[in-house]
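1. could you work out the structure for the sequence below:
(chains A and B, ligands or ions: 1)
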Amino acid sequence: MVSKVCSVELPVGEHLVIYKNRIACENASGREGRIAVVSGIHGDELEGQYVCYEMTRRLKEHPEYLKGIVDIYPQLNPLGIDMARRNIPNLEMDMNRIFPGSAQGAFMERVAAAVIDDIVGADVCLDVHASDMYVREIPQVRISSEFVQKLLPFAKLLNTDMIWLNASATVHESTLAHSLNMLGVPTLVVEMGLGMRVNREYGNQVVDGIFNLMHEMGLWTGPVSTVREPAVSTDGEVEFIRAEYAGIFLPDIAHQHYVQKGEKIGEIVDVMTGTVKQEIRAGKAGIVFTLREYPFVYEGALLARILTEVEMCEENL
Amino acid sequence: MFVDEIYRVEAPYREPMVVKGYRFGKGDKAACILGPMRGNEIQQLYICSQLVRVLKELEGNGCISSGKEVLVIPVINSYAMNVGKRFWGVEDVDINRRFPGNSYGETAARIAGGVFEKIKDYSYGIQLASFYMTGEFVPHVRMMETGYQNTSLANLFGLPYVVVRKPKPIDTKTLNYNWQDEMTAAFSLYTNKNTEVDEASANQAVAAVLRFLTRMGIIRYESHSGYISHVIMEEDLSNIHVNCGGIFRGLVKAGEDVRYGHKMAEIIDPYEGNVKETIVAPTDGIVFFTHTEDLITENDMAYRLIHRLHA
Ligand SMILES: [Zn+2]
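-> Reported below is the predicted structural model:
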């Protein structure tokens, strides 16, 4: 059942509406377990669109296996997706910096507060992100070290390739996930793919994981696929590789490739002079879990992230 | 006057963005004045350029105190200004959310870090700043409540108000917060405008900075005494939100005195032209902030009021 979580009157003949689709088992009493899946806080991230679609499709295909409540919030920043903008258009604010919001605040703060209010009471919440336009990510769960004990068991069920503990950017205070965790709703941030794109393979992988999680929680009695064992990493095991020059970045490897120490990752070239300005090599061996897609770079631009101290296994080849 | 290169960003197809610092006097790092980090802060750019002009004259007349040095950085994010954007680069990063910065980090963090390295040792730090929301303010000095803030120093600018803000997590990445963290007495100056030059209010800001520098013994300049500032806590302002969206017809200006029940604004139906909502003052007070755009969304903040202190 689709309902409105909140609605705000825009200046000219339109409302900004946050929708929720509740899919519940037959004869639900309201005391069943509940999972919330949220996507689209950043308007330029669309991987969550596929996740929400595919979950709904599978749930409708086999309603007999559902033993609880699934709340899907496919788009928290509806104006952002419409404009292909990460932030809230007009306000130029990152929506994931205004939680928990305020019922007396400016309009997006009220929207944030209404969303939080609606999710509170769920047994678990997943906030699905899709990197940005610039770098591609393998499916991963990011959790802050503050909540590791509570969240790690959930994270391991999600069929991602990696769990990144304390990835500072996404576990910032004022995020939806941090606010919900503080309010007692175990909330995991899922990151995958690339902004403005949908990768069905990654989407299916994560949806398989979500059904597996629901199965473990007793919300789903249907068949589930076996999930992969994620690499669990802390910040110390992640090597950041950044551009030291401005230019065009040309990668030499594929995303999700296992690099050896010293192996070439790519180069930054100067188009005008036809020269290589920087040759980028891996400082340590590991999986390239982040790889730059947008080739135009300034000094400081993120080119790749390597997850070090993982064994090379067949799956990573 | 010396012109220093504070930071440089190279780009393949644009001339490098060179952040320039204008240095006056010689000696202790007394005061640093910093202009736009956001591309729409035109008023702030104008104010800094006028400060450079005046300080150059003062230095020529021997009016910079001996043993004192003043640095003015008129603009950081000139790239954004030249393309009509507010934030840095394709990633749209607010440089004022990247302090203290990091020389190994992303581009904006490197810019913040490179600039901060050159400005963190000054005794007084003055930033010409803008609020994240568009609108008009009563000119004021803003400080962060970090435990190191000194409101009596802020009074020396002689602006009508000093506002103290309790920092939220998001504020810990701003220049003001990090300056105070490095024991620089940091002040953010807000005038009424951002995106356009308002000559009168720019002159007021220039005068306020010169007054402060004079009172701290950094320059010799004949300045008027200015206002005796009221210190207000940001959370004590009353926020007036609207209950519907539409065309905003503002009836009062920033700085105006209003009485309880005074009509402050009307929201007009964008299709039928009738008044959908009338906003009245919930209390006696002075208008501290006004929404200035002609369109408004339901629940948006139309005004912030300072309660009048009755004698
Ligand atoms: Zn995101």
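2. residues touching the residue of chain B positioned farthest from its centre, list them.
-> The centre of chain B is farthest from one residue, B:E272, which by CA atoms, centre = their mean lies 38.8 Å away. By CB atoms under 8 Å, 6 or more residues apart in numbering or on different chains, no residues touch B:E272. Every residue, glycine included, has its C-beta placed from N, CA and C.
3. isn't B:E136 right up against B:T191?
-> No: using CB atoms under 8 Å, B:E136 is not in contact with B:T191, being 9.2 Å away.
4. residue contacts, B:I232?
-> For B:I232, the contact set (CB under 8 Å, 6+ apart) comprises B:Y161, B:V162, B:V163, B:V164, B:I306.
5. repeat that with 10 Å
-> B:I232 makes contact with B:H140, B:T151, B:Y161, B:V162, B:V163, B:V164, B:F288, B:I306, B:H307, B:L309 under the criterion CB atoms under 10 Å, 6 or more residues apart in numbering or on different chains.
6. now chain B against the ion: closest residue?
-> B:E91 (12.5 Å; CB to the ion).
7. any idea how far that residue lies from A:E61?
-> Distance, B:E91 to A:E61, using CB to CB, to the nearest Å: 40 Å.
8. look at these two and report which has more neighbours.
-> B:E91 (17 against 10; other CB atoms under 10 Å in any protein chain shown).
9. so that one sits in a helix?
-> No: B:E91 is assigned coil when assessed by DSSP: H, G, I helix; E, B strand; the rest coil, not a helix.
10. need the contact list for it.
-> Going by CB under 10 Å, 6+ apart, B:E91 touches A:R86, A:D132, A:M133, A:Y134, A:Y294, A:Y298, A:A301, A:L302, B:E106, B:T107, B:A108.
11. so of those, which ones are in helices?
-> Among those, the residues falling in helices (DSSP state H) are B:T107, B:A108.
12. pick the one among the contacts of B:E91 closest to B:Q44.
-> Taking CB to CB as the measure, B:Q44 lies nearest B:A108 of the contacts of B:E91, at 18.4 Å.
13. for the nearest residue to that closest one once chain neighbours are set aside, list each beta-bridge partner.
-> Residue nearest to B:A108 in three dimensions, not counting chain neighbours: B:V93, with 4.0 Å by CB to CB, 6 or more residues apart in numbering or on different chains. Note on B:V93: beta-bridge partners by DSSP bridges are B:W88.
14. ok, B:V93 - contacts?
-> B:N77, B:F87, B:E106, B:T107, B:A108, B:A109, B:I111, B:A112 are the contacts of B:V93 under CB under 10 Å, 6+ apart.
15. domain ranges for chain A?
-> A:2-232, A:236-316 (automatic domain parsing).
16. dump those domains to TSV, plus distance to B:I170 and mean pLDDT.
-> As requested, these are exported to TSV (distance: least, CB to CB, whole Å; pLDDT from 0 to 100):
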stretch	distance to B:I170	mean pLDDT
domain A:2-232	6	95
domain A:236-316	22	92
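17. nearest to B:K26, of those?
-> Nearest of the domains of chain A to B:K26, taken as CB to CB: domain A:236-316 at 32.3 Å.
18. of the contacts of B:I232, the lowest pLDDT goes to which?
-> Within the contacts of B:I232, B:L309 has the lowest pLDDT, namely 65.
19. related to what we said a few turns ago, tell me the two of the contacts of B:E91 that are most distant?
-> Spatially, the most separated pair among those is A:R86 and A:Y298, at 18.0 Å (CB to CB).
20. okay, the two: which has more neighbours?
-> Neighbour count, other CB under 10 Å: between A:R86 and A:Y298, A:Y298 has more, with 25 against 22.
21. mind listing what that one touches?
-> A:Y298 makes contact with A:242-243, A:245-247, B:9-12, B:17, B:79, B:88-91, B:106-108, B:110-111, according to CB under 10 Å, 6+ apart.
22. thinking again about what came up before, and the contacts of B:I232, which two are furthest apart?
-> Once CB to CB is applied, those give B:T151 and B:H307 as the farthest pair, at 18.2 Å.
23. what segments of chain A are helices?
-> Secondary structure of chain A (DSSP H): helices located at A:47-61, A:78-83, A:107-119, A:148-155, A:176-182, A:200-216.
24. so which residue is dead centre in chain B?
-> B:A129 (2.3 Å).
25. on the pLDDT front, check it for me.
-> pLDDT, B:A129: 92.
26. next up, the contacts around A:I306.
-> A:I306 makes contact with A:237-241, A:257-259, A:261, A:265, A:282-291, according to CB under 10 Å, 6+ apart.
27. just the ones of these in strands?
-> Residues of the contacts of A:I306 located in strands (DSSP state E): A:238-241, A:258-259, A:265, A:286-291.
28. okay but A:V128 is in contact with A:G203, surely?
-> Yes: contact criterion CB atoms under 10 Å: A:V128 and A:G203 qualify, at 9.3 Å.
29. not counting sequence-adjacent ones, nearest residue to whichever residue of the stretch 51-200 of chain A sits closest to the ion?
-> Closest residue of the stretch 51-200 of chain A to the ion, CB to the ion: A:H129 (3.5 Å). Once flanking residues are discounted, A:H129 sits nearest to A:E191: 4.8 Å by CB to CB, 6+ apart.
30. now B:H140
-> B:Y161 (4.0 Å).
31. same check on B:G250?
-> Leaving aside its chain neighbours, B:G250 sits nearest to B:A265 (5.0 Å; criterion: CB to CB, 6+ apart).
32. thought that neighbour was touching B:K276?
-> No: in this structure, B:A265 is not within contact of B:K276 by CB under 10 Å, at 11.3 Å.
33. who touches both of those two?
-> Overlap of the contact sets of B:A265 and B:K276 (by CB under 10 Å, 6+ apart) consists of B:V242.
34. domain map for chain B?
-> According to automatic domain parsing, chain B comprises the domains B:2-233, B:237-307.
35. need the residues of the stretch 151-300 of chain A near chain B, please.
-> Within the stretch 151-300 of chain A, the positions lying close to chain B (CB under 10 Å from any CB of the partner chain) are A:169, A:172-175, A:178, A:240, A:242-243, A:245-248, A:268-272, A:277, A:294, A:296-300.
36. please spell out the PyMOL selection for the buried subset of the residues you listed.
-> Selecting only the buried entries of those in PyMOL, with 16 or more other CB atoms under 10 Å in any protein chain shown as the criterion:
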select buried, chain A and resi 172+174+175+178+242+243+245+246+247+268+269+277+294+296+297+298+299+300
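37. of the contacts of B:E91, closest to A:E229?
-> Using CB to CB, the contacts of B:E91 come closest to A:E229 at A:L302, 26.9 Å.
38. perfect, that will be all.
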